[in-house]
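>>> Compute the structure for the input listed below.
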Amino acid sequence: MGFPGTWMTESESVVYRVIPKCACSTIGQIMYYSDHGTFFDGDIHDSTEKLHKWAQENSQPLIEANVKAHASYAFTCVRNPYTRVLSSFFDKICGIQRNGRRYRGNLVPKLIQQYGVEVGGDDGTGEFDQIASFRRFLLFVRDTIRWRRPMDPDIHWSGMSGHVATFIANGGTYDKIFFTEKFNEGMQDVLDHIETPHWVDLSAIPRFNESEGHGPKRLHPVEDYFDDLSMHLMWEIFHRDFQLFKYDFENPGNKMPLSDVDLAEVHAKLGD
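Presented below is the predicted three-dimensional model:
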C-alpha cells in the first residue's frame, strides 16, 4: 500500500501526510517555498515536480525509504470534524470546481435525486435551505462510510484518523500533529524542528485556500447545522476523530481543540 497522500520536500527536510480540508494547500506551498524560495504558480495539488508526492511514481521509492527510516521530521494537520464536513459540503457539493464542472461528474445529480440535497442551482448561486440540504448530505456521508454505498467514501469527508492511520500502519512515525485552528503556532513548531534551504517567515506567507469561492457562503453559525440527529450521525461517523484529536463533540460551536494531541495514543490506536 505504501504511503498514499504523503508529500516530501526535494531536500528531504520534512515529510507531510496530507489530510484534505486541513490547510493542505498552504502547507504544500510552504514546503515548496522552503526548498525553492518561490511559490508554485497555481494549485499546489497540480504540481508534478519540485515536490515529492506519493502519486508521482518516481517519488515513491524516495518517500518510502525516508519514512521507513524516519529520516526526516514527519507531521500532519487536523481540523474540527464539524467545520471540516461543512467545508466539504460547501466546496465539493455546492461549488463549481476549478475545471468549471461539478465535483466527480454525476455525484451531485445523484445526491439531488436520492437524498433531496439542494445546491443552489446549476451554478451554485441560487438560494436554498443550507441547513436542510447539509443534513441530508450528512446522511449520504454516513452511508458512504458505513456501507460504502451509493459509492466509496471520498477523501474530503472520510475520517481524518483513516488518513493518519495509513502512514503509521505502513511504518511511518509522526513527530507532530497540529491543529488547523492553531495553524501559525503548529506550523512554526514544525519549522523550528527542521532545516530548510530557504528560510520561511510564516507571518509573511499568504493563505492558499484553493477552495474559497467555489461554493456559496455559509449563512449560519456552525452549530445551527447540527441538531440532535446530525450530532448522532457525526459521532457514528467521526467518533475516532473527536477522541484522538481532542475536539469538542458536545459543542459544535466550539471549533477549538480541548487539549493537545497525544502522539503515543495516536500511534498505539491507529497502528493496529
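>>> Between the two ends of stretch 83-93, how far is it?
15 Å (C-alpha to C-alpha, to the nearest Å).
>>> what's the distance between that stretch and the middle of its chain?
Centroid displacement of stretch 83-93 relative to its chain, using C-alpha atoms, centre = their mean, to the nearest Å, is 11 Å.
>>> Same check on stretch 51-58?
Centre to centre, stretch against its chain (C-alpha atoms, centre = their mean), the figure for stretch 51-58 is 19 Å.
>>> Name the residues of that stretch that are buried.
Neighbour-count burial for stretch 51-58 flags 51-54 (criterion: 16 or more other C-beta atoms under 10 Å). The C-beta positions use only the backbone N, C-alpha and C, and glycine is treated the same way.
>>> Tell me the one of the residues you listed nearest residue 138?
residue 54 (29.7 Å; C-beta to C-beta).
>>> Next up, the contacts around residue 85.
Contacts here follow C-beta atoms under 8 Å, 6 or more residues apart in numbering; on that basis residue 85 touches 138, 141, 157, 234, 238.
>>> Of those residues, which is the nearest to residue 16?
Nearest to residue 16 among the contacts of residue 85, with distances taken as C-beta to C-beta, is residue 157, at 20.4 Å.
>>> quick one: the nearest residue to that closest one once chain neighbours are set aside from residue 82, how far?
Computed as C-beta to C-beta, 6 or more residues apart in numbering, the closest residue to residue 157 that is not its neighbour in sequence is residue 88, at 4.5 Å. According to C-beta to C-beta, to the nearest Å, residue 88 stands 11 Å off from residue 82.
>>> Save the contacts of residue 85 as TSV, and put in pLDDT and distance to residue 175 too.
Listed next are those as TSV, based on pLDDT from 0 to 100; distance: C-beta to C-beta, whole Å:
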residue	pLDDT	distance to residue 175
138	98	34
141	97	31
157	96	27
234	98	29
238	98	24
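>>> how about CSV for those, with distance to residue 92, neighbour count and secondary structure added?
Formatted as CSV, the contacts of residue 85 follow (distance: C-beta to C-beta, whole Å; neighbours: other C-beta atoms under 10 Å; DSSP: H, G, I helix; E, B strand; the rest coil):
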residue, distance to residue 92, neighbour count, secondary structure
138, 14, 23, helix
141, 11, 22, helix
157, 8, 24, coil
234, 18, 21, helix
238, 17, 26, helix
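>>> which of the residues you listed sit farthest apart?
It's 157 and 234 that sit farthest apart of the contacts of residue 85, by C-beta to C-beta, at 11.3 Å.
>>> you'd agree residue 169 is up against residue 267?
No. The pair residue 169 / residue 267 is not scored as a contact, 10.4 Å apart, by C-beta atoms under 8 Å.
>>> Helices of this protein, residue ranges please.
24-36, 60-69, 81-88, 107-115, 130-147, 160-169, 183-192, 228-244, 263-270 (DSSP state H).
>>> wait, residue 155 sits on residue 166?
No. Using C-beta under 8 Å, residue 155 makes no contact with residue 166, being 11.2 Å away.
>>> Between the two, which contacts overlap?
By C-beta under 8 Å, 6+ apart, the residues touching both residue 155 and residue 166 are residue 5.
>>> Low-confidence bits of the stretch 151-272 of the chain, can you list those?
210-214 (pLDDT under 70).
>>> Contact partners for the closest residue to residue 90 other than its chain neighbours?
The spatially closest residue to residue 90, leaving aside those adjacent along the chain, is residue 215, at 4.1 Å (C-beta to C-beta, 6+ apart). By C-beta under 8 Å, 6+ apart, the residues touching residue 215 are 90-96, 120, 124.
>>> Hmm, which of those is lowest in pLDDT?
pLDDT is lowest at residue 124 among those; the value there is 73.
>>> What is the burial count for residue 146?
Residue 146 is flanked by 12 other residues according to other C-beta atoms under 10 Å.
>>> Can you check the pLDDT for it?
93.
>>> quick one: it and residue 236 touch, right?
Yes. Counting by C-beta under 8 Å, residue 146 does reach residue 236; the two are 7.3 Å apart.
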